[in-house]
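Asker: Sequence below, structure please.
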Amino acid sequence: MKTGRNHLTPNLTRSAGKKPPRPTKPKPREKSPARKPETRKSTEHRKTWTPAKTTAPPAHKAAFQRLNKVISTAGVASRRTADQWIRDGRVSVNGNIVTSPGLQVDRNNEKIAVDGKLLPSVPSSVHIMLNKPFGYICTLKDPAGRPVVTDLLKDIPVRIYPVGRLDFDTLGLLLMTNDGDLAHRLTHPSYQVPRTYKATVSGFLTDEAMFALRNGIDLEDGPSGPSRAVVVSRNNRQSTVRITIRQGRSRQIRRMLEAVGYLVIHLIRIGFGPLKLGDLKLGQYRKLDDPEIQSLYEMVERG
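Answerer: Have a look, this model is predicted:
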């Protein structure tokens with residue numbers, strides 16, 4: 001008797017020429033779709049941002065501040081002027097003359113006086129954008145009797161002053177405020193606040209001149225540093241260029257263009273930091289809105 005696997009366990013499936021069916025596996029449990037990692041862009045809406053309810057700088061939350069900052073914030077002087085007043089012995093705290101601009105004082109609980117006169121209560125901060133016309137001086141008073149930019153402001157109840165300067169014959173965006181600390185930061189070289197101008201020059205502005213403007217030019221008071229320069233239009237009669245610099249030296253744009261052989265016939269500032277002049281008419285002004293004010297403070301906080 002023959003023995004063998006086929007004899008003992010006949011394989012009917014094989015004899016039919018078919019493969020045995022595979023055992024049914026349990027259906028795997030469905031996984032919930034993987035959560036995509038959140039990108040910076042997808043989480044931007046989660047960031048908490050509260051528009052400035054007041055226009056006072058964030059630093060005002062601190063109880064103690066530097067003496068020079070307290071004086072400038074009160075709107076009676078710029079920080080540089082406050083420094084000089086303190087060193088000259090014109091400032092007292094609780095009746096005692098002090099000569100250190102960096103002295104920490106409590107604005108709310110200490111009596112601070114200049115020339116014996118107590119500082120006024122801290123005013124609400126005011127921020128104005130003016131489209132400066134030709135022929136006005138960026139100062140509060142001019143010994144020669146020329147028009148000053150504050151002559152254009154008719155309904156501002158507090159004393160405000162220009163943040164930086166525009167030349168007598170330069171038009172455009174001028175920021176004005178009574179916040180001395182903000183003004184100091186925005187004009188200090190370490191913060192590198194961008195300033196954008198549109199300049200029209202005589203003649204055809206060459207690519208070589210544009211290259212020099214972008215890479216920096218040696219001026220009598222030092223290198224201008226690199227700038228962002230874009231040709232707006234040019235022909236043989238005149239050319240217009242948009243230039244952004246991060247310095248605020250006297251007549252800097254004019255001197256840069258003169259250094260590469262061009263005479264400026266029209267110059268207007270169209271941007272300062274995050275601010276844009278837009279369609280504000282010449283000689284007109286407006287108060288900054290809360291997002292604009294917030295962006296200024298954020299810029300100098302990052303700086």
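Asker: Surely S92 and A113 touch.
Answerer: Yes. The pair S92 / A113 is scored as a contact, 5.0 Å apart, by C-beta atoms under 8 Å. Glycine gets a C-beta too; all of them are placed from N, C-alpha and C.
Asker: Give me the distance between the closest residue to I156 other than its chain neighbours and Q192.
Answerer: Nearest non-adjacent residue to I156, counting by C-beta to C-beta, 6 or more residues apart in numbering: V126, 6.4 Å away. Distance of V126 to Q192, given as C-beta to C-beta, to the nearest Å: 25 Å.
Asker: quick one, which of those two is more surrounded?
Answerer: Neighbour comparison, V126 and Q192: the larger count goes to V126, with 19 against 12 (by other C-beta atoms under 10 Å).
Asker: Tell me if I'm right that that one and L175 touch.
Answerer: No. Counting by C-beta under 8 Å, L175 is not a contact partner of V126; they are 11.1 Å apart.
Asker: contacts for the helix or strand where I270 lies?
Answerer: Applying DSSP states H and E as the criterion places I270 in strand 264-272. If you take C-beta atoms under 8 Å, 6 or more residues apart in numbering as the criterion, strand 264-272 is touched by 163, 166-167, 169-175, 193-202, 238, 242, 244, 253-254, 257-258, 276-277.
Asker: pLDDT on the very next helix or strand once past that strand, on average?
Answerer: Later in the chain than strand 264-272, the nearest helix or strand by DSSP H and E is strand 275-276. Strand 275-276 comes out with an average pLDDT of 98.
Asker: The longest helix seen in the chain: which residues count as buried?
Answerer: Ranked by number of residues, the top helix in the chain under DSSP state H is helix 290-302. For helix 290-302, the buried set under the neighbour-count rule, 16 or more other C-beta atoms under 10 Å, comprises E292, I293, Q294, L296, Y297, M299, V300.
Asker: In these, find the pair that's most separated.
Answerer: E292 and V300 (13.7 Å; C-beta to C-beta).
Asker: and the next element down the chain from whichever helix or strand G172 is part of?
Answerer: Remark: G172 resides in strand 171-177, with elements defined by DSSP H and E. Later in the chain than strand 171-177, the nearest helix or strand by DSSP H and E is helix 180-187.
Asker: and the helix or strand following that following helix, what does it pack onto?
Answerer: Helices and strands here follow DSSP H and E; after helix 180-187, the next one along the chain is strand 195-202. Applying 3 or more C-beta pairs under 8 Å, 6 or more residues apart in numbering; DSSP states H and E, one finds that strand 195-202 contacts strand 238-245, helix 252-259, strand 264-272.
Asker: Quick check: which of those is nearest to I156?
Answerer: strand 264-272 (18.9 Å).
Asker: partners of the closest one in the sheet?
Answerer: With DSSP bridges as the test, strand 264-272 is paired with strand 171-177 (parallel), strand 195-202 (antiparallel), strand 275-276 (antiparallel).
Asker: who's in contact with the second one?
Answerer: Taking contacts as C-beta under 8 Å, 6+ apart, the residues outside strand 195-202 that touch it are 172, 232, 237-246, 248, 253-254, 257, 262-273.
Asker: out of the strands paired with strand 264-272, nearest to Q284?
Answerer: When the strands paired with strand 264-272 are compared by C-beta to C-beta, strand 171-177 sits nearest Q284, at 11.7 Å.
Asker: quick check: mean pLDDT across that closest one?
Answerer: On average, strand 171-177 scores 97.
Asker: which outside residues touch it?
Answerer: Contacts of strand 171-177 (C-beta under 8 Å, 6+ apart): 125-134, 138, 149, 153, 160-164, 166, 183, 186, 197, 267-272, 275-277, 280, 282, 285.
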